[in-house]
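>>> Give me a model of this one.
(chains A and B)
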Amino acid sequence: MEKSSKLLVFFIVLTVIGVIFITRLFFLQIVDTSNYYKALAYGSNEITIYPARGTIVDRYGKLLVYNDAVYDLMAVPQKIKNIDKLRLCNVLQIDTNEFNQRIKKASKYNTREASIIYKSLPFNIYSQLQEIIYEYPAFFIETKIDRRYNINGAAHLLGYMGEVSEKQLQVEKYYKPGDIKGVSGMEKSYELYLRGIKGKKIVLVDKFSKQQGSFAGGKFDSLPTAGQNLIASIDLNLQEYGEQLMKNKFGSIVAIEPATGEVLAIVNSPNYDPNVLVGQSRNRNFSALLLDPRKPLFNRALKAPYPPGSTFKTVQALIGLQEGVLTPDTKYPCHGGYHMGSLTVGCHPHASPLDLEHSIQQSCNAYYCFVYRSILDNPAYNSVQDAYLKWTQYLNSFGIGIKTEIDLPEESPGIVKKTQYFERVFGKNWRSSNVISLSIGQGEIGLTPLQMVNVATVIANRGYYYTPHVVKAIGDEKILLEQYKIKHKAMINIAYYDSVIAGMARVCKPGGTAGRTGIEGITICAKTGTAQNPHGAHHSIFIAFAPRDNPKIAIAVVVENGGYGAEYAGPIANLMIERYLATDKTITSRKDMLDRMLNSNLVGSSVYDAPKPDSTLRKPLLPLTAKP
Amino acid sequence: MNYNRPEETIRIDWLTVIIYILIVSFGAMNIYSANSTIDHTFVFDLSMEYGKQFLWIGVTAIIVFLILIVDPKFFNFSGYGIYVIVIVMLLVLLGTGVINKGAQAWFKIGSFKLQPSEFAKYATSLALAKFLGTFDVKFAGKKNIAICFGIILLPMALTLAQNDTGSALVFVSFFLVLYREGFSGWYLVIGLYLATLFVFTILFPSLYLILVILIICATVFYFFKKYNQMLWLTLIVFFSSAIFILSVDFIFAKLLQPHQQQRILVTLNQDVAEYYPRKAKEFSLFKIDANRKDKKASKRDYSYNVRQSKISIGAGQWFGNGFNNGTQTKAQLVPEQHTDFIFCTVGEEYGFVGSTTFVLVYLFFIGRLYYMAERQKNDFARVYGYCTASVIFFHFFVNVGMALGVLPVIGIPLPFMSYGGSSLFSFSMMLFTFLKLDANRVNEVSSVY
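I've put the predicted structure just below:
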């Protein structure tokens, strides 16, 4: 072979290798795109920047819920070298043994990745640490946001936060493992507004997960948008007052502003401090609450249907009037009760016969047995069953037997039975006498305290209610959701309310069933109720609204095992009304009644001793009052 | 010959110098990209390797200047001397060298490490050129051939003894020079044929392979039996192939170190855990332990580097992420990226367009060196030129092939690109010595005095 042609061989070899390499490059870089996506996943870390969660203030702008930054001391064990250990331990207020153990534990987990060395640094330690941390390159402080509650009650209303479950992670792409979201109360129902929009920062990380600066100069990064602040309709003062009054009693108070449907207070007892479900002791406290036989986590106001007892007579009267089977002047006799064959519905002694107004004042059982039977046996309907069906439609228009659709999770629709139920129990041709107990709100009927207050609201408004809601306004634009602007009309003509309201106005005056609970200077329209309880003492029930004209507040109180309506529920409701309407929130004209309520104990030895929040939780740094 | 010195600089092959400067600068850029971190961004930060590389480039400039002012006869004159010095250094290293990455290949001078095997290529090139450039010496005759082989194999063996297999393999490139000087091309073809057989034996059962070769030999014999020695030729090819195939297991499992076996298996896309049991079942002259287990014998471990390398290059797509923006690069996910795997940075940050341009420019550079070598008027300069071009070519081929996953991982640097003082010095010395000889070629009367 000629020597110069050997050079050609070299050139051919170079060309062949060039072709092989370029073909391979084309395959790796252009054809096989999987490498590109692998690289994206390997080399960059999308860091989520969590937005500040919206705060919640009460109707007067007093802060209820806010965020606090919590600081964790982190360390990368591998990098801990030649440090002044003693000084760090002094600041952290732990001994060197403990410190060594924590470092050991962290390095056992991963020596190259940062682990928490000290969770939720107390503020004094945090501020001292800030001054010396630069001398400890392996250590850094990570900021996280945690929820704080500026009230030690209203836990069921405000709700709590919890880690997003795996199931939810699959459904909702917004969340990532380890994220927290509202699990109950307002935190849950307003999650979409409170949570804001996450920001993200794509950073390059090296093989040790150490950040190596932003990706593509931050082109794909975004800033978080803070969650929207909420203005709750709650009156913090009234809420706390209600919680005091319910101390050592089990039950519930719900108060609503009738003209708007805004919930003013929603008290449950037993209650707990929402601050116990944040911070380090959350899990321990949560299981304590969950396992407590008194069910402090149970939201009675929304979930417990009670027989409404005599408070139901107001509804019966209105339906009777609307159906035309009753007039304000209709009188029925009562001789110790309602008798029909072997059936007797007992009644307490009072004058007889009574008209409608006085039947409410006196809460006559016999009167409403007559009324209810006339409703069910109305010849305008083909059968009792048809009449009952119509009756349930009336109830539904009051929000009874259906969910009120309040803006809080897990509401019970209460109990209103269908005709089929009675067919099963009493046979196909059941009669009005079979369900006579319904006339006085006993038996196959159950109303949640929320539904009871809704009845009071309808009467106060003379025929309508707005869906109860606990949030007055959302965000800076102060938006009220559309569904709370819709008037729900009860199927009762406005003309029929007068006589019922006149009767209710007599209840808290001398001669009424709650005659000794009245408040000087306020016309309270009320109805007592005493729900028979097969498990023990009667439940004390009370619904009311005030003032009579242009009502400002409607209220329902249920005190479990509180006896007659006038014994506990009545005084509590009237004290609440007084407090809400008074300009000076510190005095009461019924000191005697207040003391009796505060000092009473209906639960005996099972006084509820709620878990205490973490002592390290800081007081808010934010101003406590924002502009409403 | 002082009188003609001013003209020499003009005769330097500036095109090669410009490409050299481009490649070295591009290399420094890529080292900066692969090596700088968020804490270290200052370009001349001497605590970082990219910073040191600038220092090496500065030192290289001085070395290059010294080479260019030296009388070109010096290289011919001192060829054997430099060779002897390097051989002595390699011998000394065997006892005292600093062990780094498994190889005892470094002298430690202060905080810097010197790798004599890098200079061994330079010394061997000079010595081989000197020998073949001697008047009346040709690559012919048993004695001359033996001396040539000796010059090449002595440093190769010493490097191998340091456990620096990659650097030792580079000496194979000198056989390309011998091919130019008269060594039969058939030997290179046979080498390629054996390499192919080796690969096929790993991939397929030995007996099937022998059967296939038998069929091919028989077919060839049938069609070409009119030629006299065809029977003997085909018989020799068949039997030697069969013996080689049957000894592959021995070469592979016994002569190669476990990590080398793994790297080869990974390149051939074989499951390491599955290979030995499969081979143990086959007919073999050498018994393979089916249950042999290396401590880290999982495909994942050994394929990590190549996998990350391929991902990095693949991530570049058409145009790449741009300078200092490679996600894999900045994350330092590819081990040895600033040294042996520097091509990953090119792939990721400059994409298909950039990488292709780089490959083409580099191949043009090598081709230019071969072209220049061929135009030399004396044997010393020509042989030396072929040595320079072949060593650079071998490095380029193995290094880029490894990064692309078409060759097993062999840790040798990409000339002028990879981080490292020793390799930059030695390649620059090699290149500029040749450029100096090339510049002086017009002053040479002829190879025949």
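>>> Is any residue of the longest helix seen in chain A near chain B?
Counting residues, the longest helix found in chain A (DSSP state H) is helix A:3-26. Yes: where contact is defined by C-beta under 8 Å from any C-beta of the partner chain, part of helix A:3-26 touches chain B, namely A:3-4, A:6-7, A:9-11, A:14-15, A:17-18, A:20-22, A:24-26. (Glycine included, C-beta is placed from N, CA and C.)
>>> Return the set of buried residues in that helix.
Burial within helix A:3-26, assessed by neighbour count using 16 or more other C-beta atoms under 10 Å in any protein chain shown, is assigned to A:6-7, A:9-10, A:13-14, A:17-18, A:20-22, A:24-25.
>>> now swap in stretch A:239-252 and tell me
Judged by neighbour count (16+ other C-beta under 10 Å), stretch A:239-252 contains these buried residues: A:239-243, A:245-252.
>>> One more: stretch A:553-568?
Within stretch A:553-568, the residues that qualify as buried are A:553-562, A:564-568, counting by 16+ other C-beta under 10 Å.
>>> before we move on, the earlier item: neighbouring contacts of the longest helix of chain A?
Counting contacts by C-beta atoms under 8 Å, 6 or more residues apart in numbering or on different chains, the residues outside helix A:3-26 that touch it are A:1, B:176, B:179-180, B:185, B:313, B:347, B:352, B:355-356, B:359-360, B:363, B:366-367, B:370-371, B:374, B:389, B:393, B:397, B:400-401, B:404-406.
>>> low-scoring stretches of the chain, by residue?
You didn't say which chain, so I picked chain A. Using pLDDT under 70 as the threshold, the predicted model of chain A has low-confidence ranges A:1-4, A:34-48, A:109-114, A:177-178, A:202-220, A:280, A:606-608, A:614-628.
>>> wrong chain, I was asking about chain B
Counting by pLDDT under 70, chain B contains low-confidence ranges at B:1-10, B:37-41, B:96-106, B:108-112, B:269, B:271-273, B:280-303, B:325-333, B:442-449.
>>> In it, which residue is most central in space?
Geometric centre of chain B, nearest residue: residue B:395, 3.1 Å, by C-alpha atoms, centre = their mean.
>>> distance of that one from residue A:359?
108 Å (C-beta to C-beta, to the nearest Å).
>>> Repeat that for residue B:163.
When residue B:163 is compared with residue A:359 (using C-beta to C-beta), they lie 108 Å apart.
>>> Please apply the same query to residue B:95.
Per C-beta to C-beta, residue B:95 is found 117 Å from residue A:359.
>>> of the two, who's got more company?
Counting neighbours by other C-beta atoms under 10 Å in any protein chain shown for residue B:95 and for residue A:359 shows that residue A:359 has the greater number, 29 against 7.
>>> ok, that one - contacts?
When contacts are counted by C-beta under 8 Å, 6+ apart, residue A:359 is found next to A:313, A:317, A:332, A:367-368, A:503.
>>> which residues does the closest residue to the residue nearest to the centre of chain B other than its chain neighbours contact?
On the basis of C-beta to C-beta, 6 or more residues apart in numbering or on different chains, the spatially nearest residue to residue B:395 that is not a chain neighbour turns out to be residue B:415, at 5.0 Å. For residue B:415, the residues meeting the contact criterion (C-beta under 8 Å, 6+ apart) are B:392, B:395-396, B:423, B:427.
>>> I'd assumed residue B:415 was in a strand, is it?
No: secondary structure assignment (DSSP: H, G, I helix; E, B strand; the rest coil) places residue B:415 in coil, not in a strand.
>>> which of the buried residues of stretch A:239-252 come close to chain B?
Contacts with chain B are made by none of the buried residues of stretch A:239-252, judged by C-beta under 8 Å from any C-beta.
>>> ok, and the closest non-adjacent residue to residue A:418?
With sequence-adjacent residues excluded and distances taken as C-beta to C-beta, 6+ apart, residue A:418 is closest to residue A:392, at 7.5 Å.
>>> Residue A:550: how many residues sit nearby?
Residue crowding around residue A:550 was assessed by other C-beta under 10 Å; the count is 8.
>>> In three-state terms, label it for me.
State at residue A:550, reduced to three classes by three-state DSSP: coil.
>>> which residues sit in contact with the residue nearest the centre of chain A?
When C-alpha atoms, centre = their mean is applied to chain A, the residue found nearest the centroid is residue A:185 (2.5 Å). Listed by C-beta under 8 Å, 6+ apart, the contact partners of residue A:185 are A:155-160, A:408-409.
>>> at 6 Å what do you get?
When contacts are counted by C-beta atoms under 6 Å, 6 or more residues apart in numbering or on different chains, residue A:185 touches A:157-159.
>>> can you count the residues close to whichever residue of the stretch 301-449 of chain B sits closest to chain A?
Closest approach between the stretch 301-449 of chain B and chain A, counting by C-beta to the nearest C-beta: residue B:314, at 2.3 Å. A count of nearby residues for residue B:314, using other C-beta under 10 Å, gives 27.
>>> Let me know the helix or strand that it is in.
helix B:299-315 (DSSP states H and E).
>>> now residue A:287
With elements taken from DSSP H and E, the one containing residue A:287 is helix A:282-291.
>>> try residue B:139
Secondary structure (DSSP H and E) places residue B:139 outside all helices and strands.
>>> What of the one 10 residues further on?
According to DSSP H and E, residue B:149 maps onto helix B:142-161.
>>> Which positions within that helix qualify as buried?
Along helix B:142-161, the positions that meet the burial threshold by neighbour count (16+ other C-beta under 10 Å) are B:144, B:147-148, B:151-152, B:154-156, B:158-160.
>>> Only C-alpha atoms, please: export it in PDB.
Listed in PDB are the C-alpha atoms of helix B:142-161, where the atom choice follows Å, rounded to 0.1, in the frame of the first residue of the first chain:
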ATOM      1  CA  LYS B 142      13.300  -8.800  13.400                       C
ATOM      2  CA  LYS B 143      15.700  -6.600  15.400                       C
ATOM      3  CA  ASN B 144      14.200  -3.300  14.400                       C
ATOM      4  CA  ILE B 145      10.700  -4.500  15.000                       C
ATOM      5  CA  ALA B 146      11.600  -5.900  18.400                       C
ATOM      6  CA  ILE B 147      13.200  -2.600  19.400                       C
ATOM      7  CA  CYS B 148      10.100  -0.700  18.300                       C
ATOM      8  CA  PHE B 149       7.900  -3.000  20.300                       C
ATOM      9  CA  GLY B 150      10.200  -2.700  23.200                       C
ATOM     10  CA  ILE B 151      10.100   1.100  23.200                       C
ATOM     11  CA  ILE B 152       6.300   0.900  23.200                       C
ATOM     12  CA  LEU B 153       5.700  -2.000  25.600                       C
ATOM     13  CA  LEU B 154       8.200  -1.100  28.300                       C
ATOM     14  CA  PRO B 155       6.300   2.000  29.600                       C
ATOM     15  CA  MET B 156       3.000   0.300  28.800                       C
ATOM     16  CA  ALA B 157       3.900  -2.600  31.100                       C
ATOM     17  CA  LEU B 158       5.100  -0.200  33.900                       C
ATOM     18  CA  THR B 159       1.900   1.800  33.700                       C
ATOM     19  CA  LEU B 160      -0.100  -1.400  33.800                       C
ATOM     20  CA  ALA B 161       2.000  -2.400  36.900                       C
END
